[in-house]
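# What shape does this take:
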Amino acid sequence: MFIATLIADGTLSAGDISAASDRLANAGCAPGAWGWIDEGQAADIAFGLGASEARVGLEGAFDGVDVVVQPAEGREKKLLIADMDSTMITVECIDELADYAGIKAEIASVTERAMRGELDFAEALDARVALLKGLEASAIDRCLAERVRITPGARELVRTMRARGGHAVLVSGGFTRFADPVGQEIGFARVVANELLIEDEALTGTVAKPIVDSSTKESTLDQTMAELALPAEATLAVGDGANDLAMIRRAGLGVAYHAKPVVAAAAGARIDHGNLSALLYAQGIARAHWVTD
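As a prediction, this is how the structure comes out:
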């Protein structure tokens, strides 16, 4: 059996769910019973056949509604591997840091191309960091305090999964000076990120090697699965950029979060409208059971 979860911000109606059931029937998916997870927010529709046909029939069919299609068995995950920039936080840290050097537009254009998969990630990171050479290291703390904001739903997602026996790892192509405090604030058990090199209280324009890239994210998922003796089906990976694709494809539920087109097209699930709490609804967890502190 499969589950199609419809998620909206208080706008989901019984009529939407009925229409979704009709779409599943027309696609030959043999829909069954449906039920609310939280009324107006999220609902599940059970169906028996054709997960890929269900995705085609439902994704984008309802304004402001995200849809997650997956096997019913094992939908609650035991491992979360998450990207940081534009996923667990609302900004790209390197772009915001570049603003303190007066070169945000120049660096942001390269970041956008890298996240779309148009540039080699490691080469693009080296090139952007080189442009920051000489920036006072104190700008990092200013940027963290003034620009970095936790994405709505991030704390609830991580803390709820951990309270229910899950494990959460933050794996970022960004920098430890941002990722370590962000990971601690949200509640991640471990953080993997790049190290900006600093001498005489200024950035050297280099980053420690090896660079945390797409292969690092996938290997972190694999290694953590092995450590916890978990199958891929018990894992959830979420990110927005091309360097997240490998881990998204590898996970039991790989989610493109407000993602670049190349990622949204390849991921098993997409969140285009809601915040990260949608991933709790995708696991069938009602708001009454979310952990916020």
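# Which residue ranges of the chain form helices?
Secondary structure of the chain (DSSP state H): helices located at 14-26, 51-58, 93-100, 104-115, 121-130, 138-146, 154-163, 176-186, 214-228, 245-250, 261-266, 278-281.
# Ok, which of the ones you listed comes nearest K77?
helix 154-163 (7.0 Å; CB to CB). The C-beta positions use only the backbone N, C-alpha and C, and glycine is treated the same way.
# what's the angle from the closest one to helix 176-186?
Put simply, helix 154-163 runs at 70 degrees to helix 176-186, going by axes from the mean of the first three to the mean of the last three CA atoms, to 10 degrees.
# CA-only coordinates of helix 154-163 in PDB, if you can.
Only the C-alpha atoms of helix 154-163 are listed here, as PDB (Å, rounded to 0.1, in the frame of the first residue of the first chain):
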ATOM      1  CA  ALA A 154      13.300  23.200  11.300                       C
ATOM      2  CA  ARG A 155      13.400  22.900  15.100                       C
ATOM      3  CA  GLU A 156      10.100  21.000  15.200                       C
ATOM      4  CA  LEU A 157      11.300  18.600  12.500                       C
ATOM      5  CA  VAL A 158      14.600  17.700  14.100                       C
ATOM      6  CA  ARG A 159      13.500  17.800  17.700                       C
ATOM      7  CA  THR A 160      10.400  15.700  17.100                       C
ATOM      8  CA  MET A 161      12.300  13.100  15.200                       C
ATOM      9  CA  ARG A 162      15.000  12.800  17.900                       C
ATOM     10  CA  ALA A 163      12.400  12.600  20.600                       C
END
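# now it, how far from the chain's geometric center?
Distance of helix 154-163 from its chain centroid, counting by CA atoms, centre = their mean, to the nearest Å, is 13 Å.
# can you redo the helices of the chain as JSON lines with distance to F2?
What follows is the helices of the chain, written out as JSON lines (distance: least, CB to CB, whole Å):
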{"stretch": "helix 14-26", "distance to F2": "9"}
{"stretch": "helix 51-58", "distance to F2": "5"}
{"stretch": "helix 93-100", "distance to F2": "38"}
{"stretch": "helix 104-115", "distance to F2": "31"}
{"stretch": "helix 121-130", "distance to F2": "34"}
{"stretch": "helix 138-146", "distance to F2": "42"}
{"stretch": "helix 154-163", "distance to F2": "22"}
{"stretch": "helix 176-186", "distance to F2": "30"}
{"stretch": "helix 214-228", "distance to F2": "23"}
{"stretch": "helix 245-250", "distance to F2": "19"}
{"stretch": "helix 261-266", "distance to F2": "20"}
{"stretch": "helix 278-281", "distance to F2": "16"}
